[in-house]
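Participant: Turn this into a structure:
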Amino acid sequence: MSERVPLAAEVEARLRELGEVDVLVGIPSFNNARTIGHVVLASVAGLAKYFPEKRAVLVNSDGGSSDGTPQAVAGAEFTRSAAILVSHPLSPVHKIVTPYHGIPGKGSALRTIFAIAERLKAQACAVVDSDLRSIAPEWIQLLLGPVLQEGMDFVAPLYLRHKYDGTITNSIVYPLTRALYGKEIRQPIGGDFGFSGKLASHYLTKPVWDSAVARFGIDMWMTATAVADGFHVCQSFLGAKIHDAKDPGADLADMLVQVVSAVFDLMDAYEARWKAVEGAEAVPLFGFPHGVGLEPVSVNVERMLGIFRQGARDLGPVWEKVLTADARAEITVLAAAGADAFRLPDPLWVRIVYEFAAAYHRRVLPAEQLLRSLVPLYLGWTASFVRQTEQSSSEEVEAVIRELADEFVRQKGYLRKIWG
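Facilitator: Residues are numbered from 1 along each chain as shown. The predicted structure is shown next:
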């Protein structure tokens, strides 16, 4: 049974007024006044075009923005988007703008959205990021449709991304999640999801809302919980996700620590589940995959290699507590290699990730110290990946990433062995 989530008095009154709805679109936000108006209009246009007979509500769960974000949502003109449609919605789209309570972070924002979905008995829900520049009305159909029409409980996004965008996902989150839970979810931390009302209520029963999940890692937690707890999961192809991409060689240390700690914490929570999983299988895919234009991502390979080599010089005492002697010996050889010859092979990288996961589980070092010592190794893998794929097409790069994911599956027995 879930604990009742506190809501503002005016929101409670609005919920009583609405009674029940069929579909809900949630937009968590914090200082997104520049972009959220477009996200609201695209969402409402999608509801009007694809679900005109459904009672719909749009919920903005805001974290105390100081730039006018709630006002931008409140002032968004719904009629303008509906006017471009062939037919107008039979049911109006209602709107709720509410602050969220709890520790700061996207998780607390989503908890409020889950609670409102449960109170309104929504059949299908979607959440979309508030800083999207590429959202189109079709996204709403692709996130809600599989739930309403196909009986799915969780719809993960599938995007086309530049080959050097999302390297933390490509090197760790996707292949590790696929190996652990046995499902082909390409973007486990994509940020835009569809889910059933039943799954929203299930999320509320979990005792995570005062933990780090509420600050970061909520996307990974939503995906892993849906898969590990046996809900019906699928993917929908959304095209390109246009956002402010970052050079993977830039300072992504904080992001890596946050994301990987969430993945490793979930390994503890679902240990019995993932240990019983063998192999990996595809999940249903909705939408029509097609090529799209992508914004380029600049990469500074020399900087990444410099940090890798510095780590090899300075982090020996830390890595000695985490990595086997064989892995450390291979890293030492790599650190001495020239830039043109540098290549961190997949089998070594998989062993590194699994040994870090086991060390995190055994608490051999404070969590943040442990994960920050992974950063130079991650940058070494990324530099190797860039060198390997500089002349490769997007399709060829995807094959390289899939081969890495298969290597995670092949070495899963090693993870079980060293887990402790």
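Participant: distance between the helix or strand hosting Asp265 and the chain's centre?
Facilitator: Taking DSSP states H and E as the criterion, Asp265 maps to helix 253-269. Counting by CA atoms, centre = their mean, to the nearest Å, helix 253-269 is centred 12 Å from the centre of its parent chain.
Participant: Can you report how many residues lie near Ile242?
Facilitator: Ile242 sits with 17 neighbouring residues when counted by other CB atoms under 10 Å. Any C-beta I mention is one placed from the backbone N, CA and C, and that applies to glycine too.
Participant: Excluding covalently adjacent residues, which one is nearest to it?
Facilitator: Nearest residue to Ile242, sequence neighbours excluded (CB to CB, 6 or more residues apart in numbering): Ser134, at 3.7 Å.
Participant: now that neighbour: how far from Ile185?
Facilitator: Ser134 is 20 Å from Ile185, where distance means CB to CB, to the nearest Å.
Participant: repeat for His232
Facilitator: 13 Å.
Participant: surely Ser43 meets Gly26?
Facilitator: No - at 9.5 Å, Ser43 does not count as touching Gly26 under the criterion of CB atoms under 8 Å.
Participant: so what sits against both of these two?
Facilitator: 58, 128 (CB atoms under 8 Å, 6 or more residues apart in numbering).
Participant: Let me see the ranges of the strands in this protein.
Facilitator: Counting by DSSP state E, the chain has strands at residues 23-29, 56-62, 93-99, 124-127, 154-160, 193-196, 233-240, 285-286.
Participant: by contact count, what packs against the last one?
Facilitator: By that I understand strand 285-286. helix 137-150, strand 233-240 (3 or more CB pairs under 8 Å, 6 or more residues apart in numbering; DSSP states H and E).
Participant: Give me the sheet partners of it and which way each runs.
Facilitator: Within its sheet, and counting by DSSP bridges, strand 285-286 is paired with strand 233-240 (parallel).
Participant: okay, the partner strand in PDB with CA atoms only?
Facilitator: The C-alpha trace of strand 233-240 is given here as PDB (Å, rounded to 0.1, in the frame of the first residue of the first chain):
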ATOM      1  CA  VAL A 233       7.500  -3.600 -21.400                       C
ATOM      2  CA  CYS A 234       8.200  -2.400 -24.900                       C
ATOM      3  CA  GLN A 235       9.900   0.400 -26.800                       C
ATOM      4  CA  SER A 236       8.600   3.100 -29.100                       C
ATOM      5  CA  PHE A 237      10.700   4.800 -31.800                       C
ATOM      6  CA  LEU A 238      10.600   8.600 -31.300                       C
ATOM      7  CA  GLY A 239      13.200   9.700 -33.800                       C
ATOM      8  CA  ALA A 240      15.800  12.200 -32.700                       C
END
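Participant: Run the chain-centre distance for it.
Facilitator: 13 Å.
Participant: what residues does it touch?
Facilitator: 134, 136, 138-139, 142-143, 145-146, 150, 152-161, 183-187, 192, 194, 226-227, 283-290, 292-294.
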